[in-house]
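3D model of this:
(chains A and B)
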Amino acid sequence: MIDELERTYRRLPRGRTILAVLVAVHVVVKLALLPKVGHTPLVGDEASYVDGGRALSNLVRDLVSFGPVDSAELERNVIGSGWFMPGMSALLTPLFVVDPDASVFVIRCYIGVLTTVLLLLAMRSVRRTFGDLYAALLLVFPGLLPMWLLFSYGAWGDLVAGLLIAMLVAHLVTIFRQVRSGAAFSLREGAWLGLVGIAVVYLRSSATLLVGGMFVVLLASAVVLLRRRERWQAVAALAVAGSVFFALLAPWSIAASQSLGGRVVTTTSVPTVLANTFGDYDRICFGECDPESTIWFSPLRYAREVARATDSSEVAVQVEMSHYARADVTPHSYTRDVLQNFRAYALEPAGYNDQLMLPDDEDTFTYWFATIGTSVMWYAALLVAAWVLLLATRRSFDSQVLSIVLKLGLGALFTQPFVHLASGRYWPTAAPLLALAAGLWLQVRTERRVAVGVGHDRPVGEHAAGTPTPAAVHRGLYWVQLFLVCATIVLVAGVLLLAL
Amino acid sequence: MIGLAVVVVLLVVALSPSFGRAEPTGNYRPDLAPDALDTGCYPLPEGLILDFPYQVRTDGDVTVDGEQRRELRVQYDVVGADEVVESLTASFLDAGFTTVTATGDVLTFERSDAGAVTATVTPLEDVPEDSIVRGTVVFDLPSVPLASDDPICDDPYATKRFPESYEPAE
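Numbers count the residues shown, from 1 in each chain, chains lettered A, B, ... in the order given. You can find the predicted model right below:
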């Protein structure tokens, strides 16, 4: 029975060949799309990340030549207004160290190579933890998803964060399995967790909830499933994870707080984001903001003007602006906005096609290939996402744990429409998790077919004496899933009812 | 192999200053335009200084009863409406104006070269007591021509005189 399971979703016949072919197809399709996106001027926030990379490359030059550091340039281009953490800027830095005047085409080619390398690393992590089928699914979705491939030439951090989240989840599930076998994980593994976690946050600060949530769940499971020395070692390893996380977060938080004169932990954009998403735009600047600019820059300029006039922090001003703009928000208006955001987030997957492809390419075969291909694959993946959010399986420990991790991960990422104006630019962060969801769907189907049940638990080690029995663990994990399913249903029903 | 890669990376980093210097645009943190009343583009009546924290929101000419007037709209910060009324009164008197009427929050002053001018103080109603931004003062002043050839005066965000063609921010 177990052998059949292993054959079905862990070791595919000629798995290595299949993966190699999929990698080759990924590279070919990606190269075929390069002419369509390679020369597209930087879109929106891409400019900020690229400027950050340029300034950081100058920092490298200043340091190696023992010259004075241009802190004003760093403040302006890396910290800026505190809207973005500099993860993508750091990834772009090596390019500008070598080629300070890199053209847009070179920048996009560099990012294209980088994202393919990261996809392969994520695929390797997923394969080690979940097997060939999951790895193959990742190479298909998002590896062959046309819009994802176009985004993979972009300087936004969402897509890269999504790949790292897949690696983080794979690593976490490995640790969960180890914990279930009664053994703690090492300090080194804890440090690695902290490192990947903070990298995700630097790339996409809104993923902080996901990373923090995963750490808390891991801590809870270690306390429940481990005993004596193993329990303390797991807690120590998580303390190392937290230490690494905060030690690497601190330089950014301190620099941004000093530069902007207010407390900044990750980014400063939340107040303005909330105001723009749910508030009354005519009130954001305690009245109308300056015209002709964007809803992001105009309030920012106003906040800086107020801060200058009052010798206060622009961050504090933005918080008060946001409160004032949202004074008339009602549960009805809020939930209606949330639904609109969900539509923009999930139902316009090819919405950025117009911006990423040059105008000459509109209505070409490639344009429609990207639009239709993305839509078909994305909507199929959404169905799988809905399935996994409603899944409560009693089958193997592995599928139960992945079910819970995916619920938490997707749930954390899907909070975006609850706090932020959404668009088709944000789903690449969640896309790799949908591949894992598809793998879980196939795995659970197989487990049902071969009647896997409580008996298929992880083998326990010598340290497992006194830990909960397999039946208790299965029951617990089942109830956790049921709780998460109920919470999802209540949340969705609540939003729909309030929005009516 | 790894050792060789490390050596190559270190070499490239060491040589990077000779490759030139990257030039970030700083577009996402543009320079903040100076206070509209500090530029000298469209000055207040001579001698008049606003002695409370404020930011100019809009400035420009409007037609009132067939006469071209200047409408200057500022927001006051940190201090309350009473303090703003007190401060404005002192500023106008210091600039040689005399008080014509002071009805509640509508203040009218007069000076021979400027004629009658008014300042209407309106506190924001639904802000906490310790709010940074507290209210608005709308000045009705004599229209003034551009008084400086500084290029900054061409920047509507510096003068707060926005062309009618400007659309609300999107």
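
Which stretches in chain B count as strands?
B:54-64, B:67-77, B:98-103, B:106-111, B:115-123, B:133-142 (DSSP state E).

contacting residues for the most centrally placed residue in chain B?
Closest residue to the average C-alpha location of chain B: B:Val56 at 3.1 Å, with C-alpha atoms, centre = their mean. Counting by C-beta atoms under 8 Å, 6 or more residues apart in numbering or on different chains, B:Val56 touches B:Asp35, B:Ala36, B:Leu37, B:Leu72, B:Arg73, B:Val74, B:Lys160. All C-beta atoms are positioned from the backbone trio N, CA, C, and that covers glycine.

Same list (the residues you listed) but as a markdown table, adding pLDDT, neighbour count and distance to chain A.
Putting the contacts of B:Val56 into a markdown table (pLDDT from 0 to 100; neighbours: other C-beta atoms under 10 Å in any protein chain shown; distance: C-beta to the nearest C-beta, whole Å) gives the following:
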| residue | pLDDT | neighbour count | distance to chain A |
| --- | --- | --- | --- |
| B:Asp35 | 96 | 17 | 8 |
| B:Ala36 | 95 | 25 | 10 |
| B:Leu37 | 96 | 21 | 11 |
| B:Leu72 | 97 | 21 | 14 |
| B:Arg73 | 98 | 16 | 9 |
| B:Val74 | 98 | 25 | 10 |
| B:Lys160 | 97 | 24 | 8 |
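
Need these in a markdown table (columns: distance to A:Thr335).
Listed next are those as a markdown table, based on distance: C-beta to C-beta, whole Å:
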| residue | distance to A:Thr335 |
| --- | --- |
| B:Asp35 | 41 |
| B:Ala36 | 41 |
| B:Leu37 | 44 |
| B:Leu72 | 41 |
| B:Arg73 | 36 |
| B:Val74 | 38 |
| B:Lys160 | 37 |
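
Next, B:Leu37: phi, psi?
phi -90, psi 0 (degrees, to the nearest 10).

Hmm, it is touching B:Asp51, no?
No - applying C-beta atoms under 8 Å, one finds B:Leu37 not in contact with B:Asp51, separated by 11.8 Å.

And the residue nearest to A:Asp132 when sequence neighbours are not counted, how far from A:Val216?
Nearest residue to A:Asp132, sequence neighbours excluded (C-beta to C-beta, 6 or more residues apart in numbering or on different chains): A:Gly15, at 3.5 Å. Distance, A:Gly15 to A:Val216, by C-beta to C-beta, to the nearest Å: 35 Å.

B:Pro30 too?
40 Å.

Out of the strands of chain B, which gets the lowest mean score?
Among those, strand B:98-103 carries the lowest mean pLDDT, at a mean of 88.

Could you check how many residues crowd around B:Tyr157?
19 (other C-beta atoms under 10 Å in any protein chain shown).

should've said B:Ala90
Neighbours around B:Ala90, by other C-beta under 10 Å: 12.

who touches the closest residue to it other than its chain neighbours in this structure?
In space, and not counting its chain neighbours, B:Ala90 is closest to B:Asp51: 7.2 Å by C-beta to C-beta, 6+ apart. B:Asp51 is in contact with B:Ser87, B:Ala90, B:Ser91, counting by C-beta under 8 Å, 6+ apart.

If we use 10 Å, what do you get?
B:Val84, B:Glu86, B:Ser87, B:Leu88, B:Ala90, B:Ser91, B:Asp94 (C-beta atoms under 10 Å, 6 or more residues apart in numbering or on different chains).

Could you work out the most separated pair of the contacts of B:Val56?
B:Asp35 and B:Arg73 (14.0 Å; C-beta to C-beta).

Are any of the contacts of B:Asp51 buried, and if so which?
B:Val84, B:Ser87, B:Leu88, B:Ser91 (16 or more other C-beta atoms under 10 Å in any protein chain shown).

Let me have the residues you listed in CSV, extended by pLDDT and distance to chain A.
Listed next are these as CSV, based on pLDDT from 0 to 100; distance: C-beta to the nearest C-beta, whole Å:
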residue, pLDDT, distance to chain A
B:Val84, 96, 13
B:Ser87, 96, 14
B:Leu88, 96, 16
B:Ser91, 96, 16
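
Now the residue located most distally from the centre of chain A: which helix or strand?
Computed with C-alpha atoms, centre = their mean, the maximum C-alpha offset from the centroid of chain A is found at A:Ala309, amounting to 38.4 Å. Using DSSP states H and E, A:Ala309 sits in helix A:297-310.

Show me which residues of the stretch 51-200 of chain A sit near chain B.
Contact residues (C-beta under 10 Å from any C-beta of the partner chain) of the stretch 51-200 of chain A with chain B: A:51-58, A:60-65, A:67, A:70, A:72-84, A:89, A:93-102.
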